[in-house]
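>>> okay, here's the prediction I keep looking at, along with the sequence it came from:
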Amino acid sequence: MKKKIRLGILFGGRSGEHEVSLTSAASVLAALDPAKYEVVPIGITREGRWMVGHTPDRLDAGAERLLPGVLANGTPVTASADPTGPALIPVNSVAPASGAQLQVDVIFPILHGTFGEDGTVQGLLELAGVPYVGAGVLASATGMDKDVMKRLFRDARLPVVDWVTVLRGDWEHDSARLRQLIEKRLGYPLFVKPANLGSSVGISKVHNRRELGPAISLAAEYDRKILVEKGVENAREIECSVLGNDRPQASVPGEVLPVNEFYDYEAKYIKEGSELIIPAKITKRQTAQVRDFAVRAFQAIDGAGMARVDFLLDRERGKVWVNEINTIPGFTPISMYPKLWEASGVPYPKLIDRLIELALERHREKVRTRYTYESGGK
């Protein structure tokens, strides 16, 4: 009988996207095959405490209730950076975790946003020598930082809309000069975003000068670096999923029809009425272009495992712009990433299996790398 893979599901986190992470993790948990996986739920509270829970007998039973329970009543642990020992270490001996809970074969980080999608957790897992699903440290960090991301896309000759990067301290010190620069270079309308956050948290569409200051102040609550982008009037929002390591593949594209003016947090997760059109009703040429750009964007940040690439399509000119890449896309039942792969012939459970296979494949490739050097070629 084939040994089960002991899979750590890492969820929650110190991020404005904490709740989204719980919803995504519950969906993944419910879809896992209990014949293949022994699951170890690992939750990170909003304050940053790590908690480990007991493996459920049935993965599809009450996943939504299980995960908050782990955060509230799990065993406190700390993540180890020692590749020779267990991945998790109990913080105290009041409620010691079992050996099964402390050692995992692979971790699936479902941590959206800061301290999860930005390379911080990935760096810890690298130190611990634990295989994990998704992008590495560099790709996670650059995929999270929209300013650096756009610079890499531009260097890869991918089309991106013009932007201005504003530091919070600079805006507080000299907002008049920066306002003049933004208006001269970009004009209105425009979008203001925290550079390092996802799920459209802290994003505003700015129609005029009066709205610019409050939009930057809102974004500055979430990051010291703020991205101000030129708006593409009446743009269509196209998305494409990428799967793979060194030879990634792109799914069929889909289109988002947001219930609000743009696909903000409320339209994504709270307010009903947004539509996902799969496949997107675009030309064959545009479809090929989107899929090509998606793979090139993935490669530009040295991605691994998975990513969702978002595009803007100019309705009048038909021009496609690469908007951003998400290295840990949403995995909720209504999320675009799994729905696009389902439409491409990879159902949700198979997609999760493939992502775990890719994590183990990437880890095997890493261990081939030599990290020590002895003179004389020894």
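Looks like it arrived, so ask away.
>>> now do the buried residues in stretch 347-356.
Y348, L351, I352, D353, R354, L355, I356 (16 or more other C-beta atoms under 10 Å). C-beta coordinates here come from the backbone N, C-alpha and C atoms, glycine included.
>>> can you name the two of these that sit furthest apart?
The largest separation in these, counting by C-beta to C-beta, is between Y348 and I356 at 13.2 Å.
>>> how about the helices in the stretch 101-250 of the chain?
When secondary structure is read from DSSP state H, counting those that start in this stretch, the stretch 101-250 of the chain shows helices at 120-128, 137-144, 146-155, 168-173, 175-185, 209-220.
>>> and the first one, what does it pack onto?
Using 3 or more C-beta pairs under 8 Å, 6 or more residues apart in numbering; DSSP states H and E, the elements in contact with helix 120-128 are strand 75-79, strand 106-110, helix 137-144.
>>> now do it and strand 106-110, the angle between them.
Put simply, helix 120-128 runs at 170 degrees to strand 106-110, going by axes from the mean of the first three to the mean of the last three C-alpha atoms, to 10 degrees.
>>> what about the nearest residue to I277 once chain neighbours are set aside, neighbour count?
Nearest residue to I277, sequence neighbours excluded (C-beta to C-beta, 6 or more residues apart in numbering): E255, at 4.2 Å. Applying other C-beta atoms under 10 Å, we find 19 other residues in the vicinity of E255.
>>> sheet partners, orientation included, of the helix or strand where E255 lies?
E255 is part of strand 254-257 when elements are defined by DSSP states H and E. Next to strand 254-257 in the sheet, as set by DSSP bridges, lie strand 236-244 (antiparallel), strand 275-277 (antiparallel).
>>> still on that earlier bit, for the residue nearest to I277, give me its contacts.
For E255, the set of contacting residues under the criterion of C-beta atoms under 8 Å, 6 or more residues apart in numbering consists of R236, E237, I238, E239, L276, I277, I278, A280, K281, I282.
>>> the residues you listed, buried ones only, as a ChimeraX selection?
The following ChimeraX command selects only the buried members of the contacts of E255, with burial defined by 16+ other C-beta under 10 Å:
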select :236,237,238,239,276,278,280,282
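>>> show me what T78 is bridged to.
Assessed by DSSP bridges, T78 has beta-bridge partners I89.
>>> for it, grab the count of nearby residues.
The number of residues near T78, taken as other C-beta under 10 Å, comes to 11.
>>> please apply the same query to the one 4 residues further on.
Other residues within reach of D82 by the criterion other C-beta under 10 Å amount to 11.
>>> could you do T283 as well?
Other residues within reach of T283, judged by other C-beta under 10 Å, total 10.
>>> again with the one 5 residues further on
Here the number of neighbours of A288 (other C-beta under 10 Å) works out to 13.
>>> packing partners of the helix or strand containing it?
Per DSSP H and E, A288 falls inside helix 284-300. Packed against helix 284-300, as judged by 3+ C-beta pairs under 8 Å, 6+ apart, are the following elements: helix 146-155, strand 236-244, strand 249-250, strand 305-313, strand 320-326.
>>> low-confidence ranges, the stretch 151-300 of the chain, go.
Across the stretch 151-300 of the chain, the stretches falling below the confidence threshold (pLDDT under 70) are 198-200, 259-273.
>>> sorry, that was for the stretch 1-150 of the chain
The model of the stretch 1-150 of the chain has pLDDT under 70 over residues 1, 55-64, 93-101.
>>> now the strands for it?
In order along the chain, the stretch 1-150 of the chain carries the following strands (DSSP state E, counting those that start in this stretch): 5-12, 37-44, 50-52, 75-79, 88-90, 106-110.
>>> so which elements touch the helix ranked longest in the chain?
As far as residue count goes, and with DSSP state H defining each element, the longest helix of the chain is helix 348-366. Other helices and strands packing on helix 348-366, by 3+ C-beta pairs under 8 Å, 6+ apart, are helix 18-31, strand 106-110, strand 236-244, strand 305-313, helix 336-343.
>>> distance to A215 for the ones you listed - can I get that in JSON lines?
Converted to JSON lines, the helices and strands packed on helix 348-366 look like this (distance: least, C-beta to C-beta, whole Å):
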{"stretch": "helix 18-31", "distance to A215": "22"}
{"stretch": "strand 106-110", "distance to A215": "30"}
{"stretch": "strand 236-244", "distance to A215": "19"}
{"stretch": "strand 305-313", "distance to A215": "19"}
{"stretch": "helix 336-343", "distance to A215": "25"}
